[in-house]
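Asker: Predicted model and sequence below, questions to follow.
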Amino acid sequence: MLLEQTHYDMRRAADRLVATILAAIMLATACGGADAPTSSRPARAPAPDPATTPSPDPPAPTADATGETVAQVIGTAQAATGMVVSIVLLDPHEEIEVPLPAETPVMDQIGRQFVPGFILVRAGQTINFTNSEDELHTVHVKDSNDESLFNVATMMGFTYEHIFEEGDDYSVVCNTHTEMFADILVVDTPYAVVADREGNFTVSDVVPGSYTAVVIHGNERTEYEVDIVSGQNDLNLAD
């Protein structure tokens with residue numbers, strides 16, 4: 001009986017001690033004397049006020065290898081008509097220095113076809129002519145006056161390079177197989193692209209300034225006077 005009374009007294013003493021500690025914690029919290037228990041979950045940042053939140057800065061214009069600010073031209077020209085697609089040229093009003101493309105275009109002969117059947121290059125660029133099939137061909141290139149520029153026989157594995165110095169519209173034929181033909185357009189302007197069948201085109205790394213935009217669609221040639229500024233420029237050349 002004495003042992004049970006002792007256990008009872010000990011439990012009551014422990015309960016009073018716990019109650020005293022909890023009361024002290026609550027009093028200290030209310031008076032600011034102790035930090036309230038913290039949660040391991042991070043606090044959520046308040047939602048920004050649209051009236052006071054500054055707008056993000058627009059992307060900075062890109063620059064070319066010399067550090068000069070350049071532009072990007074995104075536009076639309078006349079959509080394709082059958083197999084004829086639009087070619088877009090940007091002819092600067094002032095002389096500018098733009099390096100020739102480093103890549104050398106290749107015109108192959110395979111399956112009794114010139115592949116690709118059309119190449120657009122700048123004056124001064126080199127084109128590599130090859131023959132990838134075991135059949136004798138020729139590469140006969142003529143200018144717009146039908147004057148022969150060169151005429152070489154080609155065997156399998158043959159490679160012939162030619163620098164096109166003058167801007168012109170050149171035809172390519174094989175004297176052995178008359179069904180083989182292709183076209184090469186050489187332009188003087190540093191900016192020239194072939195639009196897709198919907199007429200969409202993009203010209204990157206353009207030096208800002210005044211230009212004549214030329215759209216060539218088959219035998220049609222349309223010109224527009226445009227000003228290109230740094231950053232993105234949207235051109236509608238379809239009207």
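Answerer: Ah, there it is.
Asker: for residue 173, which residues make a bridge with it?
Answerer: residue 140, residue 181 (DSSP bridges).
Asker: For it, give me the pLDDT.
Answerer: Listed pLDDT for residue 173 reads 98.
Asker: Tell me the strands beside the strand or helix carrying residue 222, with direction?
Answerer: Using DSSP states H and E, residue 222 sits within strand 220-228. Here strand 220-228 is paired, per DSSP bridges, with strand 209-217 (antiparallel).
Asker: Now find how far off-centre the partner strand is within its chain.
Answerer: 21 Å (Cα atoms, centre = their mean, to the nearest Å).
Asker: Name the residues of that strand that are buried.
Answerer: For strand 209-217, the neighbour count (16 or more other Cβ atoms under 10 Å) marks 211, 213-217 as buried. The C-beta positions use only the backbone N, C-alpha and C, and glycine is treated the same way.
Asker: between those, which is nearest residue 116?
Answerer: Checking those against residue 116 by Cβ to Cβ gives residue 216 as the nearest, at 17.4 Å.
Asker: hey, what's that closest one bridged with?
Answerer: Bridge pairing for residue 216 - DSSP bridges - gives residue 87, residue 221.
Asker: ok so, going back, got the angle for the next helix or strand along the chain from the strand holding residue 222 vs strand 209-217?
Answerer: Downstream of strand 220-228, the first helix or strand assigned by DSSP H and E is strand 231-236. Interaxial angle of strand 231-236 relative to strand 209-217 (axes from the mean of the first three to the mean of the last three Cα atoms, to 10 degrees): 40 degrees.
Asker: So which residues of this protein form helices?
Answerer: Counting by DSSP state H, the chain has helices at residues 2-31.
Asker: Just name the shakiest helix or strand of it by mean pLDDT.
Answerer: Lowest on mean pLDDT, DSSP states H and E among the helices and strands of the chain sits helix 2-31, with a mean of 44.
Asker: Let me have the buried residues of strand 209-217 in TSV, extended by distance to residue 171.
Answerer: Output for these, formatted as TSV (distance: Cβ to Cβ, whole Å):
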residue	distance to residue 171
211	29
213	26
214	21
215	22
216	16
217	19
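Asker: per-residue confidence averaged over stretch 150-161?
Answerer: Per-residue scores along stretch 150-161 average to 95.
Asker: next one: stretch 100-115
Answerer: On average, stretch 100-115 scores 96.
Asker: for that stretch, how far is the first residue from the last?
Answerer: Start and end residues of stretch 100-115 are separated by 22 Å (Cα to Cα, to the nearest Å).
Asker: now the protein, which segments are flagged as low pLDDT?
Answerer: Across the chain, the ranges flagged by pLDDT under 70 are 1-68.
Asker: Nearest the geometric middle of it, what residue?
Answerer: For the chain, residue 204 is the residue whose C-alpha lies nearest the centre (Cα atoms, centre = their mean; 7.7 Å).
Asker: Can you list the buried residues in stretch 222-236?
Answerer: Across stretch 222-236, burial judged by 16+ other Cβ under 10 Å covers 226, 228, 230, 233, 235.
Asker: Need the contact partners of that stretch.
Answerer: Applying Cβ atoms under 8 Å, 6 or more residues apart in numbering, the contact partners of stretch 222-236 are 58, 61, 69-76, 90, 206-215, 237.
Asker: roughly how far out does it sit from the chain middle?
Answerer: Counting by Cα atoms, centre = their mean, stretch 222-236 comes out at 18 Å from the chain centroid.
Asker: Since that was my last question, I'll sign off now.
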